[in-house]
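**Q** Pasting the sequence and the predicted model now:
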Amino acid sequence: MLRHFSSLRRLVYRYLFDQATRSGRCIEAFCGILALLSVVVIFIESSIGSDSNLTLDEWYLFIGVELFFTLMFTLEYILRVLSWPKPARYIFSFWGVIDLATTIPLYVLWLWPEFSVHYYFAWRSMRAIRVLRILKLLRYMPALQSLKRSIMNASHQLILFFSFIMVLMIASGAIMFGIEGKANGFTSLGASVYWAIVTVTTVGYGDIVPHTAFGRFLASLLILVGYSVIAIPTGILTAQMSQDLQRKERLRTCSRCHQQDHESDAHYCKTCGEHLPQTEQK
């Protein structure tokens, strides 16, 4: 009996967690699509209105659909807990907490009917996070692997750049707080730094604007700096991706005739027939 339970547990684990298999990827994609559909239903329901604005038939329809999604997510969560080698570790893991938190909104509403419907909608919409599970499937895509390697290789440059931007925002906010003051809307250092971030990102909400000549001059400089916030990280990543592409091309160069531009799945040189080095597998 225990042997059969153990084999069944391994089978469920392979379907729910082993994304190296086609069945595991299909189940993961199905769960992500199910979560996405539940979020679409939430948006439709919230656009119609609260429970007080729904007809009896509409109310029963949305309750039935939500009950279906809740039961599906509950079954998935229970199977994931039972099939994981160490259930407690999964329960307190990131995805375990997300799975549980996005499964129980309907149960919470049943236990506490006074729970605000607005918080109920917001809580249910957090199921969109579950769709991120599908992104784990993309690790099998070579293009995503190239982007990942580029980000990792450029991590030090990116961290240094954004650290500099953070210091610049704090310094600019502090200067503007001293120049403009509370009379012009810069009521605190936090509000001043918020204004600096909004200005550098060229969003410009307009809720806080400088009124003095020097303040406007500083704002103009920050707007010009804002273009580098987009251009510099983009240039760094582009350079890294270009280097990664060139490295791949060198790996696919024929050692005999030095022919390049081979297909990624080619095994032999298209010019001389020499055996080609294989592309790296992740």
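**A** Received the coordinates, thanks.

**Q** Geometric centre of the chain: which residue is closest?
**A** The residue lying closest to the centre of the chain (Cα atoms, centre = their mean) is residue 132, at 6.0 Å.

**Q** Identify the residues contacting that residue.
**A** By Cβ atoms under 8 Å, 6 or more residues apart in numbering, residue 132 lies in contact with nothing. Placement of C-beta: from N, CA and C, glycine included.

**Q** Distance of it relative to residue 98?
**A** 9 Å (Cβ to Cβ, to the nearest Å).

**Q** Do you know the pLDDT at residue 218?
**A** The per-residue pLDDT reported for residue 218 equals 90.

**Q** Quickly note the distance from it to residue 169.
**A** On the measure of Cβ to Cβ, residue 218 and residue 169 end up 12 Å apart.

**Q** Can you name the next helix or strand after whatever helix or strand residue 171 lives in?
**A** Assigned by DSSP states H and E, residue 171 belongs to helix 155-180. Toward the C-terminal end, the helix or strand that comes next after helix 155-180 (DSSP H and E) is helix 189-200.

**Q** Which strands or helices does that following helix pack on?
**A** Applying 3 or more Cβ pairs under 8 Å, 6 or more residues apart in numbering; DSSP states H and E, one finds that helix 189-200 contacts helix 155-180, helix 213-251.

**Q** and the shortest one, which residues are buried?
**A** So that's helix 155-180. 157-158, 161, 165, 169, 172-173, 176-177, 179-180 (16 or more other Cβ atoms under 10 Å).

**Q** the inter-axis angle of the helix or strand containing residue 146 versus helix 155-180?
**A** Here residue 146 sits within helix 142-153, counting by DSSP H and E. Put simply, helix 142-153 runs at 60 degrees to helix 155-180, going by axes from the mean of the first three to the mean of the last three Cα atoms, to 10 degrees.

**Q** If you count neighbours, what's buried in helix 142-153?
**A** Within helix 142-153, the residues scored as buried using 16+ other Cβ under 10 Å are 145-147, 149-150, 153.

**Q** remind me which residues of the chain are low pLDDT?
**A** Across the chain, residues meeting the criterion (pLDDT under 70) sit at 1-5, 19, 49-54, 114-119, 133-144, 246-256, 258-267, 270, 273-274, 276-282.

**Q** Please parse it into its domains.
**A** 2-140, 145-251 (automatic domain parsing).

**Q** could you redo the ones you listed as CSV and give each row distance to residue 268?
**A** Compiled in CSV, the domains of the chain are given as follows (distance: least, Cβ to Cβ, whole Å):
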stretch, distance to residue 268
domain 2-140, 25
domain 145-251, 15
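
**Q** which one of those domains lies closest to residue 257?
**A** domain 145-251 (14.5 Å; Cβ to Cβ).

**Q** circling back to that earlier point, by how many degrees do the helix holding residue 171 and helix 189-200 diverge?
**A** For helix 155-180 against helix 189-200, the angle by the same axes, to 10 degrees is 120 degrees.
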